[in-house]
Each structure stands twice: as C-alpha cells, then as structure tokens.
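K.L.:
coordinates only, sequence not included:
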C-alpha cells in the first residue's frame, strides 16, 4: 500500500504553528527542532488519510535591497536609485529559513499556507511557495491558502474545510510597496542627510531618515505638538441664574453657552439681574438614546488604550498581538466595525459565560437574546476585534488582562441594548435672554451596564408649568479659563464667579 | 422732477440722505439719458462704497444722541432711522485662537479639496478638544459702528441677524438702525431693528482682512518673542 500523502503547512510564527498543530492533532503531535520547530502527526486531508508536517517562518523570508554597487553613499547619486535594479536576499541568513523550507518540502505533495491574513502574509505565502519549489510545474504538488481571523481551535478546524488560493495580486502589491519604500526611503534619506550636514549645531545629522509613512506621520505629530505648545487659554464668560425649589437651589444653563467678550457679558448680566423674573417658556420630555458601540477596530482600540488604559500605541499593539497569537482575541489589525454575516455570536458569548466579573451579564444575554449589532463599516479584511478564548488575570498578567477586559466589555456592549433615557428640558426667558435646565431619567441602562464609564448621570427636575413666573435667587457671571498643563497636555478649567462689579469671588478647578 | 431730486428721493427712502456735494458729484458723473431706475440703483451702490461721515447728511434724528456709549444708562430707545457703517466685526462666540487656527487651516489649503469644501464632522464620543474648530457660521457678533457725524459705538447681535457674518459683511458696510434699544452703552441688534444694506470701503476692508490674523493672535495673548517659551 502506498504511504499516505504528506502535507506541509507553514505558519508565520512558531507559536502559531504550535497552535495549529495542537488543534488539528488534538495535542497528539511529535515535535522536532529545526530552523524552526516542526510538528508531525497523522490526520485527514481533503477526505483522505495524510501525514502532516507543521512548521513556520519568522516573518518575511526575503528582504529587498540595492546591489552592493549602490551601497556607497558618496559614490551614488540619490536620483540614480529610482532606476536602479533591486535584489531579494534572505532577511535572516543565519536562520537558514530557505533551506529549512526546501528540505521539509521534500516528499510533500501538498502545501497549506497559514501565514497571517493580511497583505504582508499574502506576500510571504509566495516567498514560501518559491522556497519550497511548489507549483513550478504540474507534478510539483498543489498549494492552498488558509484564511483565518483568530487562532482558536474552532477557527482552525473550520479553515481546513474552506481552503482557498493565495492572492497573487495582493502579493504583487506588497512587492510594489517594498520597492517604492526602498527607493523613496533610501534616496530621500541619503539626500536629506547630506543636506542637513553642518546646518544646525545641535542636530545629530549622522542619519536623517525619510519614510513615506513615517515622515508624514512625523508631520502630524509636530503639527499637534505646535498646536498644544501654542495653545492660548482665553477667558470666557457664562451666565447662570439660580432659582430655589423645595429648599434646593437649581442652576440654569445659558442658551448662548459662552461669550468671549467681558463687556457684552457684563451688560447681559446686568440686564438679567435688573429684571430678576424668569418665565417658563417651554417644557419638553423626549425619549432619547445613546447607541451601543459598533464592533471594535484597531484605531478605536488604540484610542481607548491610550486615553483610558495608559498604553501607548506600540505597547497596545504588542499586547494585542500576543493576545492574538495565544488565542485570546481575534486578529487585532482590522478596519472593520461591522460583524460579518457569518460571525458566531453565540459561541463567542459562551466562551465568556464563566467569567467571574461579567459571567452573569453574559448569561442574561444568552437567555434573553443578544441585540443585533450596529451596522458599521465592513472593510472586508477581518472582523472587528473580539474575545476568543476565555482568560484569567493570572494567565495574562496585569497589562494584557486590562486590554483583554476592554475587548470583552466592548464586544458585550456592542450586542447589548442602547441606553434609553427620558430627557426633560425646561426653558426659561428673562429679558429676552434664554436659559434652560435639563434632567435625565434612565429607563434602560443597556450597554452602560457593562461599559459603566459611558453612562449618563441621572438628574431629577422639579415640576414646572408653562408660563409660570419665578424669582431668581441669584444670577452669577462665571469667568472660565482653560489652562493646558504642558507636561501631560491635560486641560484644566479654572472657573471663577464674578460679582456684579467685576470682582472675582470664588475660584475652583474642575479637571 | 430733475435728476438730482429723483435720485435723492430714492436714496432717502433707503434712509441714506446724501449731502448736496455728493449728489452734485454723482449727477455730473453719469449720462443723463440713462433710465432713472438704473441711475437710482447706481447711486445707491456707489453711496454704499463711501465713507458716510463725508457723503451723508448728519441730522439729530439720523445720528446717535450724545452719551450713547454710557454704560451707566440702563436703557435708551432711539427711533432713528440711523444709518451706520461697520468699522470692526468680531465673533465673540468662539475663542480667538480657534479663529486663528481656522484661518491657518484655510491658508494651508486644508478646508478645500479642489473646489470641494471639506467639512470636519466631530467625533461623537470625542469631547477632548476645548478649542473645537467652528462648524457653523459662528457668532454672536460684536460690531464697532460709526454714524454720519463720526461718532462710534459698539453693537451686539442680540438675536441672529442673517447678514452679519464674518464671511459676508465687509468693513464699511452700511446698516440702518430703526427703533432700536441701547442697553448700558451697547446697541442691541435684532432682525427688526437692523437692516443690512451691504457695501464696503475697499481700502479699509482690505487692511482689516490683511491684519485680521495678527489682531486675533494679539487678542488671544500671543506675543512673537515668546513663541516657544
């Protein structure tokens, strides 16, 4: 009997190769060391018995550079680089990845590519195909592409039933990108480094690098920095009449919000004080809602990681990357906020049902039915970032746990009901100047039960009747100033109450 | 009715009573066979481009009373009609710095993509910017106006007056105030009391536009020498 066909599977990193092999062999694989680990086991492939070998690369196998004749800065005109030839050579010669792949490919009739599902991964697919010699001619075997968005056992198994072809166009796009980055990057780096020599005393001009992505980004950072550095706090004034009800003092808000001119603000203050009688002009009660969030994409994850968790983007992506390769969250590089039609909400929920903090909330969603998520945008690359396997703080460490927690809460929030509340607005007029006060009564907490920082405060208002006339207890003119802390760029507002003759009575901070 | 009188009657109906000198200068500069309605429109247009302290008659009814800017006087009602010209215009609903940034964005070409105007939609959950760029027309506005005698006073847009807007109102534009209130030295402008006739004084308007960014920066407290302190 002929030996079973051999299938070579190549992942992007050793940890992913391990996860794939464990999932498909139910942990029954044998591992041997090589340039990268190789896991072997017997299984079924496309309906027939097969012998599997799962290994990995370590990122790109090849990198692009100029031939040695162009490496001398002094001897090369940067302009010539645009027409110059380029060569691909092994990124990591000491790792001998090319040799490793061609050796493991011997005797294998099938190649399955498990590189990460982004364009770079697609490009690496063709590097692997090149190294293994597959597809060069008909008898050199077939290659397949696995498409997956998370390293979960479920996803990996599902993948095997849905193998596709790798996308040559995407790979070529990466080749083009690499050549452009190389040529533009090197040419301009050499040109501007030369330009800046000796120009500024305190500039280290050994290498002033240029990149088509990093340099415009630097431009944005500098622009924002200048905005913050040159921010000029300006005083503005707000007018607040107060009225008494049942022993409580109610502060009214100004329809104009704020004015940046003291003379006009003072004039209006005196106008209102001189009259002193508020008339209720309108009472309205409206059902309002605050929408549940749509699916979590990379940009929003980074924003929250920065503002709420204190992680810079690089740290956040490192943590997210690790959570992904360990199977705790789905692929963290995505622009989509819309869940695909095929998304399995039930099993994602079920994985969170035993969590000590939000387990009971999850049970409720499973029993009562979870909410349809908001539509969002589907960029077609990967689904929004969601939790995959359940985790504990001990298993992840504090930082990763905090990021994971946010991913879970966001996911749960996105399939929870909207926050529903009744907004009561009472409008007042005094000498033509308009004021109002607003009360909120929550009717359904919705997603804010799981994302409490997004909740709104409840505030009750006394009953008023339209046309009612009330005396003001006092009318205050507040002087407000936003100050920027130049160290942490936090804005603090200093608010002072001005008396009728312009004297500042009380100062208070509200960060 | 002779030409000069016909033109003068029309202008007076618009509350712009020209001086005899201006009227004489105008009638001598036009062709007498031009149809009257066209002449009247031309006269109005030209008058709207002049300095009213030299081109309009100043009577007690058509100018500010003495002490109009007294902040101690709680209220003054003036029947008018009083034609005034705009000397300065400020948006006091937005910080000056945000107005400077809006001008700089426009200078950098960031508000237009070819002929298309780019509108920045504020992020629904992002409340971090205390200096938000202006998304609407802005306002309310504070103006410095001058009557035909040369007296100046401040005016405040108490209610929104459609044509009072940084982008459409020029320096030297004429406004006719009628049955208006002055509260503590500030003229209150409302759609009922202020009729914007338009026009401009080219040289003043150009200077105002050229200096605007510098003036706003100074008002915001910006000093060139401590640019990066």
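P.N.:
Structure received. Fair warning: this is a prediction, and the values are worked out from it, not measured in the lab.

K.L.:
low pLDDT regions in the stretch 301-450 of chain A?
P.N.:
The stretch 301-450 of chain A contains no residues with pLDDT under 70.

K.L.:
which residue ranges form the strands in it?
P.N.:
A:419-430, A:433-444 (DSSP state E, counting those that start in this stretch).

K.L.:
For the last one, give me every contacting residue.
P.N.:
By CB atoms under 8 Å, 6 or more residues apart in numbering or on different chains, the surrounding residues in contact with strand A:433-444 are A:239, A:241, A:250-256, A:268, A:271-272, A:278, A:281, A:287, A:417-429, A:455-461. Backbone N, C-alpha and C define where each C-beta goes, glycine included.

K.L.:
switch the cut-off to 7 Å
P.N.:
Under the contact criterion CB atoms under 7 Å, 6 or more residues apart in numbering or on different chains, strand A:433-444 has outside partners A:241, A:250, A:252-255, A:268, A:271-272, A:417, A:419-428, A:456-461.

K.L.:
Number of residues surrounding residue A:154?
P.N.:
The number of residues packed near residue A:154 is 15, by other CB atoms under 10 Å in any protein chain shown.

K.L.:
Identify the single longest strand in chain B, thanks.
P.N.:
Criterion DSSP state E: the longest strand present in chain B is strand B:82-91.

K.L.:
Show me what from chain B comes close to chain A.
P.N.:
Counting by CB under 7 Å from any CB of the partner chain, the positions of chain B adjacent to chain A are B:74, B:92-93, B:95-97, B:130-131, B:142, B:156, B:158, B:183-184, B:186, B:220-222, B:228.

K.L.:
Just the buried residues from those residues, in ChimeraX please.
P.N.:
Of the residues of chain B next to chain A, the buried ones can be selected in ChimeraX as follows, counting by 16 or more other CB atoms under 10 Å in any protein chain shown:
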select /B:92,93,95,96,97,131,142,156,158,183,184,186,220,222
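
K.L.:
Report the separation between the closest residue to residue A:45 other than its chain neighbours and residue B:150.
P.N.:
Leaving aside its chain neighbours, residue A:45 sits nearest to residue A:7 (5.1 Å; criterion: CB to CB, 6 or more residues apart in numbering or on different chains). Distance from residue A:7 to residue B:150, counting by CB to CB, to the nearest Å: 95 Å.

K.L.:
Between those two, which is the more surrounded one?
P.N.:
Taking other CB under 10 Å, residue A:7 and residue B:150 do not tie; residue A:7 has more neighbours (20 against 13).

K.L.:
same question for the helix or strand harbouring that one, mean pLDDT?
P.N.:
When elements are assigned from DSSP states H and E, residue A:7 belongs to strand A:6-11. Average pLDDT, strand A:6-11: 96.

K.L.:
just to revisit the earlier point, quick check: bridge partners of the residue nearest to residue A:45?
P.N.:
With DSSP bridges as the criterion, residue A:7 is bridged to residue A:52, residue A:110.

K.L.:
Please tell me how far it sits from residue A:324.
P.N.:
For residue A:7 relative to residue A:324 (CB to CB), the value is 25 Å.

K.L.:
likewise residue B:71?
P.N.:
Distance from residue B:71 to residue A:324, by CB to CB: 67 Å.

K.L.:
Name the residue in the two with the higher neighbour count.
P.N.:
More crowded of residue B:71 and residue A:324, by other CB under 10 Å: residue A:324, with 21 against 13.

K.L.:
low-confidence ranges in the stretch 101-250 of chain A?
P.N.:
Applying pLDDT under 70 to the stretch 101-250 of chain A flags residues A:137-140.

K.L.:
rerun at 90
P.N.:
Residue ranges of the stretch 101-250 of chain A with pLDDT under 90: A:133-142, A:149-155, A:158, A:198, A:201-206, A:212-213, A:220-221, A:223-235, A:245-248.

K.L.:
Around chain B, pick out the residues from it.
P.N.:
Residues of the stretch 101-250 of chain A lying near chain B (CB under 7 Å from any CB): A:229, A:231-232, A:234.

K.L.:
which of those has the most neighbours?
P.N.:
residue A:231 (20 neighbours).

K.L.:
Spell out the residue ranges of the helices in chain B.
P.N.:
In chain B, the segments counted as helices under DSSP state H are B:3-13, B:20-28, B:36-47, B:52-55, B:96-107, B:202-219.

K.L.:
now what about stretch A:22-41, what contacts it?
P.N.:
A:14, A:17-18, A:21, A:43, A:52-56, A:58, A:95-97, A:100, A:104, A:153, A:156-157.

K.L.:
Just the buried ones out of the residues you listed, please.
P.N.:
Looks like those have A:14, A:17-18, A:21, A:43, A:52-56, A:97, A:100, A:104, A:153, A:156 buried, using 16+ other CB under 10 Å.

K.L.:
Let me know the closest of those to residue A:447.
P.N.:
residue A:153 (29.3 Å; CB to CB).

K.L.:
Confirm for me that residue A:49 is in contact with residue A:2.
P.N.:
No: contact criterion CB atoms under 7 Å: residue A:49 and residue A:2 do not qualify, at 10.7 Å.

K.L.:
These two - which one has more neighbours?
P.N.:
residue A:49 (11 against 4).

K.L.:
How is that one assigned, secondary-structure-wise?
P.N.:
Secondary structure, DSSP: H, G, I helix; E, B strand; the rest coil: residue A:49 is strand.

K.L.:
Quick check: closest non-adjacent residue to it.
P.N.:
residue A:4 (4.7 Å).

K.L.:
For the one you found, list the residues it contacts.
P.N.:
Residue A:4 neighbours (CB under 7 Å, 6+ apart): A:49-51.

K.L.:
and it, which of the three is it?
P.N.:
Residue A:4 ends up coil, using three-state DSSP.

K.L.:
For residue A:110, see how far away it is.
P.N.:
11 Å.
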